[in-house]
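Q: Return atomic coordinates for the entry below.
(one chain, ligands or ions: 1)
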Amino acid sequence: MKKDEEMKDEDFSFNVDYARSRGITEPELLAMDAIYVYLFCVLRKPFHQFDTHKEVVDVIQAMEYTLQLFWKFPLTAEKHSYWYQVAACRCPKMDNSDPMYSGRRIINMDCEFHGGKQ
Ligand SMILES: [Zn+2]
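A: Numbering: from 1, shown residues only. This is a model prediction of the structure:
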């Protein structure tokens, strides 16, 4: 981890200006960045640290809630947007990112993460 003064805005993996506009402090920005980095690692290589699909689903959900907490958003699974981005998830990406379906999860029953067969 780099020291605060060496961190530039472009080092962050999220909209840091928007975060600051929501009153998020610099230490919170660093914590959020660490969570985003870890989240993206899990999304790319879900079984690097976890053995089962359920563990991966649970840890992604926990990080989505934690990020909502930092962003000062309501804690609601309806607004989660990373669960279907995990590698090898077979749920439809387009439909799940479409605001028309906001709050609803479009599940592919053949998905090993979300189809209920894990
Ligand atoms: Zn899925």
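
Q: Please identify the buried residues of stretch 101-112?
A: For stretch 101-112, a neighbour-count test (16 or more other CB atoms under 10 Å) marks Ile107, Cys111 as buried. Where you see a C-beta, it was placed from the backbone N, CA and C, and this is true even at glycine.

Q: Next: stretch 28-39.
A: By 16+ other CB under 10 Å, the buried positions in stretch 28-39 come out as Glu28, Leu29, Met32, Asp33, Ile35, Tyr36, Leu39.

Q: quick one: low-confidence ranges for this protein?
A: Along the chain, segments meeting pLDDT under 70 span 1-11, 117-118.

Q: Contact residues of it facing the ion?
A: Cys89, Cys91, Cys111, Phe113, His114 (CB under 5 Å from the ion).

Q: try 8 Å
A: When proximity is defined as CB under 8 Å from the ion, the chain approaches the ion at 83-84, 86, 89-91, 107-108, 111-115.

Q: Identify, from the buried residues of stretch 28-39, the entry nearest to Val56.
A: Distance to Val56 across the buried residues of stretch 28-39 (CB to CB) is lowest for Leu39, with 11.3 Å.

Q: tell me which element that closest one is part of?
A: In this structure, Leu39 is located in helix 26-44 according to DSSP states H and E.

Q: Does Ala62 lie in a helix or a strand, and which?
A: Here Ala62 sits within helix 53-71, counting by DSSP H and E.

Q: immediately after that helix, which helix or strand?
A: Following helix 53-71 toward the C-terminus (DSSP H and E): helix 93-97.
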